[in-house]
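[1] Can you look at this prediction? I've put the sequence above it.
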Amino acid sequence: MIPNLFKKLLLLHLLCFPLICFSQKGFSENWETITQHEYAQIEARRINCPDSSNGVFYRNIVFRIRNLSSSPIRVSWNYKPWINGEPIKVDVSDTGKLNNFHLQVGETVEGRCGEQRLCEYQSFIDKPEVPALTGFELVNFSVTLNPDE
């Protein structure tokens, strides 16, 4: 009885609080899975993004999304950054700021330098005094199967 109750409470918690957190200790140059869903996998890694024409050298976090299902999917989330260990105030209820990605069967999308929704600032490479990203949350994370039906 208790194990079933525990499973139900855990499932309820996961459904009511869809939040994926990632901290600085996880920022690596290698792809790391930050969440795995039945239909999608989200990975992240750190990359250097030099803008030498403007004399700016960034380190960013990029995301990769994989469709693991045999149907099209929509993956969505609100991005909430943490700078120097403190969460930045972001209105995560604003659906206009929701990142939406439609992926076909077997499709993978991957962030690159300068690409907005799949590339986020981490730090300046040459300016350690400037505040840096120390973590982030993917709030309101969801995966929808067959989103156009």
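    That came through fine.
[2] can we go C-alpha only for contacts and neighbour counts from here?
    Noted.
[3] Kindly provide the distance from residue 82 to residue 144.
    27 Å (C-alpha to C-alpha, to the nearest Å).
[4] Tell me which of those two has more neighbours.
    The residue with more neighbours, out of residue 82 and residue 144, is residue 82; 19 against 14, by other C-alpha atoms under 10 Å.
[5] hang on, that one in a helix?
    No - counting by DSSP: H, G, I helix; E, B strand; the rest coil, residue 82 falls outside a helix, being strand.
[6] dump the residue contacts of it.
    Residues in contact with residue 82, defined by C-alpha atoms under 8 Å, 6 or more residues apart in numbering, are 88, 133, 134, 135, 136, 137.
[7] just residue 60 next, same as before
    Residue 60 touches 46, 47, 48, 49, 113, 119, 120, 121, 122, 123, counting by C-alpha under 8 Å, 6+ apart.
[8] Go ahead and confirm the fifth one touches residue 45.
    No - with contacts counted by C-alpha atoms under 8 Å, residue 113 stays clear of residue 45, the gap being 11.9 Å.
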